[in-house]
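> quick one: sequence plus predicted model below, questions after.
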Amino acid sequence: MTSLLIDGLNWSPPQVERRRDDADLLREIVLHARSGEFVGLIGPNGSGKTSLLRCAFRYARPRLGTVTLDADDVWSHRARWAAQRIAVLLQDAPDDFGLSVAEVVAMGRTPHKRLLEGATPGDAAQVDRALRDVELEPARDRLFASLSGGEKQRALLARALVQQPQVLMLDEPTNHLDPRHQIEILGLVKRQRITTIAAIHDLNLAAAFCDRIYVIAAGEIAGCGTPDEVLTEHMLKTVYGVNALVDKHPVSSRPRITLIAGDGATLS
Ligand SMILES: Nc1ncnc2c1ncn2[C@@H]1O[C@H](COP(=O)(O)OP(=O)(O)OP(=O)(O)O)[C@@H](O)[C@H]1O
């Protein structure tokens, strides 16, 4: 089991011209995902969630600070080293594969293969299991590009799972998913007991599934803790600028957030 530590991270987009005293887009980020923990990353649009995940999965190089897996700096290793340890599910599924669903899922094994090494029976068994787990077994021979948005999301999660990662990073994993699949997919991820960081917009899903939550606002960490500690009416007002009622979910006892519109109407 692997823990992930982001420590003192600052980052700005490399292609943007910076003056000496310009503030970085991400500033002084400290985030610790303990071994096996499901950590949520929440915050308003444009607050920096995707940028932080990109730094964490060794795609964007921080200007300052470190990202370490069990004290091993990800930038002291090649990209392949990171791909053998970190799997990523991004917001928008690439659409241009001319591959079948099963072939896309099997791509998750690539970081563990030597050059020109073919698929083994073990690889095929993992692909079969992952397709069953995300309920896409009947679609295995269809073109990936022909799947619906939610089906693509599930296929890409299957690809991430066959990668057998030590750390899983998810950017809006429930995007496109209907309510049943939102719950089942997050439940499936949680049951893997892989160290997970997930950017999640739906605060009630974050409340239900996260062990701990980090709040990011305007490029800085604005709070962290258990869902009970973080998901408060005060945080929703100060960070998101919304009025909300936070009480206990009658079944899970976790926080339940009801948004209140300006005219007093409640929005779940
Ligand atoms: N390569 C880039 N060049 C310029 N600006 C960028 C770049 N990457 C991110 N940004 C800006 O940084 C800010 C944070 O973006 P990011 O995508 O990390 O936010 P987010 O919290 O994931 O947002 P959302 O909830 O809308 O997905 C945004 O204002 C975005 O426009």
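Nice, I can see it. Numbering: from 1, shown residues only.
> domain parsing for the protein?
4-227, 232-268 (automatic domain parsing).
> quick check: residues of the stretch 51-200 of the chain near the ligand?
Counting by Cβ under 6 Å from any ligand atom, the stretch 51-200 of the chain comes close to the ligand at residue 51. The C-beta positions use only the backbone N, C-alpha and C, and glycine is treated the same way.
> mind listing the helices for the stretch 51-200 of the chain?
79-85, 101-106, 121-133, 149-162, 179-192 (DSSP state H, counting those that start in this stretch).
> the inter-axis angle of the last one versus helix 149-162?
It stands for helix 179-192. Relative orientation of helix 179-192 and helix 149-162, computed by axes from the mean of the first three to the mean of the last three Cα atoms, to 10 degrees: 10 degrees.
> mind giving me the packing neighbours of helix 179-192?
Applying 3 or more Cβ pairs under 8 Å, 6 or more residues apart in numbering; DSSP states H and E, we find helix 179-192 packed against helix 149-162, strand 167-171, strand 195-199, helix 203-209.
> any idea which of those has the lowest pLDDT on average?
Per-stretch mean pLDDT for those is lowest at helix 149-162 (a mean of 92).
> that one versus helix 121-133: what angle between them?
140 degrees.
> from the chain's centre, how far out does helix 149-162 sit?
Taking Cα atoms, centre = their mean, to the nearest Å, the mean C-alpha location of helix 149-162 is offset from the chain mean by 13 Å.
> for it, give me every contacting residue.
Outside helix 149-162, the residues within contact range by Cβ atoms under 8 Å, 6 or more residues apart in numbering are 87-90, 93, 95, 101, 104-109, 123, 126-127, 130-131, 133-136, 139, 144, 147, 168, 173, 175-178, 181, 185, 188-189, 192.
> for residue 211, what are its contacts?
Contacts of residue 211 by Cβ under 8 Å, 6+ apart are 37, 38, 39, 226.
> sweet, I'm off.
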